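[1] With the input below, show me the fold.
(one chain, ligands or ions: 2)
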Amino acid sequence: MEAVVVRDLTKVYGKDKKIAVDGVSFSVSQGEIFGLIGPDGAGKTSIFRMMTTLLLPDGGSVMVDGLDVVKGYKQIRQRIGYMPGRFSLYQDLSVEENLNFFATVFNTTIEENYHLIKDIYVQIEPFKKRRAGKLSGGMKQKLALCCALIHKPTVLFLDEPTTGVDPVSRKEFWEMLKQLKEQNIAIIVSTPYMDEAILCDRIALIQDGKILSVDTPENIIKSYPTPLYAIKADQMHLLLKVLQQSDKVLSSYAFGEYAHVSFKEADANLDAIKNYFESKGITGIELKATRVTIEDSFINLLKN
Ligand SMILES: Nc1ncnc2c1ncn2[C@@H]1O[C@H](COP(=O)(O)OP(=O)(O)OP(=O)(O)O)[C@@H](O)[C@H]1O
Ligand SMILES: [Mg+2]
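    Numbers count the residues shown, from 1 in each chain. Ligands and ions are numbered 1, 2, ... in the order given. The predicted structure is shown next:
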């Protein structure tokens, strides 16, 4: 049985009938890390709130652990863990008190499921008397994860868990998710960071409430339609302008210190291209084939 099945899910907000989620479908298996990847306002949080029974769908359905989110919301709430974007902790309670509180709400004890949180909890245990409000971002995130796990959920929902967290803590956090996956927990996680997308087993790329693609990160990268090149020069601004105006160029955009380019002709003649840019007064040109990233795939899907 799939852990989560989302079918034609729709959410419409307010008087102006803004369609925030527009016919979204995907499913997630036990022991899978599934990523919802999309920019601000794409609809990620709305989808999370419907999957976790906190918001009613306007169309379509969601099944969690074989239960419907509308009819079975009470049972679902007992079985899932949810870490909303903004921390759900009680700022005035200590680390220990927060954890005890969540265990009690779910009719369990810290001891009963300690093995699930142990690797994470030992890292914050030295601060167990400290108020949650006084923890660093990375430690708050670890405590929130412990609280979401303490009742041994079958599905874990994490809405932008690493936003605003330092790079080291982000890395540690993904290590922890990998370990949880081994426990056969299904994990659905949203992130705006493209480097985290590749750490998921499968991802859904979302824009304007619609899914552009659902697949493994590897397959999404593989289905990029053309060879991709990275180019830089002394005059980046001019270079980008020339790229945009050239009829040989299929697409181009700034990418870190380079521009990423794909050409209309499949096997581009790099020397001829270099000469062309030089004739436009551009110097110090470096042009090379480059690897497609998830971000390139996303940009490509967005423009179609
Ligand atoms: N309660 C609401 N009333 C009206 N519009 C809303 C409401 N909640 C969200 N929206 C709108 O629905 C769209 C999707 O919002 P949502 O928060 O689901 O996206 P998101 O992908 O989580 O974005 P973010 O990266 O900002 O967290 C946005 O345009 C947002 O403004
Ligand atoms: Mg959100």
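
[2] what number of residues lie near residue 264?
    Neighbourhood size, residue 264 [other C-beta atoms under 10 Å]: 12. Yep, even glycine has a C-beta here, placed from its N, CA and C like the rest.

[3] Kindly list the main-chain dihedrals of the residue nearest to it when sequence neighbours are not counted?
    Nearest-residue entry for residue 264: residue 250, 5.1 Å, with adjacent residues in sequence omitted and distances by C-beta to C-beta, 6 or more residues apart in numbering. With angles defined as degrees, to the nearest 10, residue 250 sits at phi -90, psi -50.

[4] need the contact list for residue 250.
    Going by C-beta atoms under 8 Å, 6 or more residues apart in numbering, residue 250 touches 226, 262-264.

[5] okay if I get those residues as TSV plus pLDDT?
    As requested, the contacts of residue 250 are exported to TSV (pLDDT from 0 to 100):
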residue	pLDDT
226	94
262	95
263	93
264	90
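
[6] hang on, the earlier thing: retrieve the pLDDT associated with the residue nearest to residue 264.
    Looking at residue 250, its pLDDT stands at 93.

[7] Check residue 40 too.
    89.

[8] and it, how many neighbours does it have?
    Neighbour count of residue 40, defined by other C-beta under 10 Å: 6.

[9] Out of the contacts of residue 250, the closest to residue 280 would be?
    Proximity of those to residue 280 (C-beta to C-beta) peaks at residue 263, which lies at 16.0 Å.

[10] my read: that closest one touches residue 225, true?
    No - counting by C-beta atoms under 8 Å, residue 263 stays clear of residue 225, with 11.8 Å between them.

[11] more crowded one of these two?
    Between residue 263 and residue 225, counted using other C-beta under 10 Å, residue 263 has the larger neighbour count: 20 against 11.

[12] any idea how far residue 66 is from that one?
    50 Å (C-beta to C-beta, to the nearest Å).

[13] contacting residues for residue 177?
    Per C-beta under 8 Å, 6+ apart, neighbours of residue 177: 33, 158, 187, 189, 199.

[14] One more pass at 7 Å, please.
    Neighbouring residues of residue 177 by C-beta atoms under 7 Å, 6 or more residues apart in numbering: 33, 187.

[15] mind checking the backbone torsions on it?
    Residue 177 adopts backbone torsions of phi -60, psi -40, taken as degrees, to the nearest 10.

[16] List every C-alpha atom in stretch 109-116, with coordinates, as CSV.
    Output in CSV follows, covering the C-alpha atoms of stretch 109-116 (Å, rounded to 0.1, in the frame of the first residue of the first chain):
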residue,chain,number,x,y,z
THR,A,109,6.4,8.4,26.4
ILE,A,110,9.9,9.5,25.4
GLU,A,111,11.2,6.1,26.5
GLU,A,112,8.8,4.1,24.2
ASN,A,113,10.2,5.4,21.0
TYR,A,114,13.6,6.7,22.1
HIS,A,115,15.4,4.6,19.5
LEU,A,116,13.8,6.7,16.8
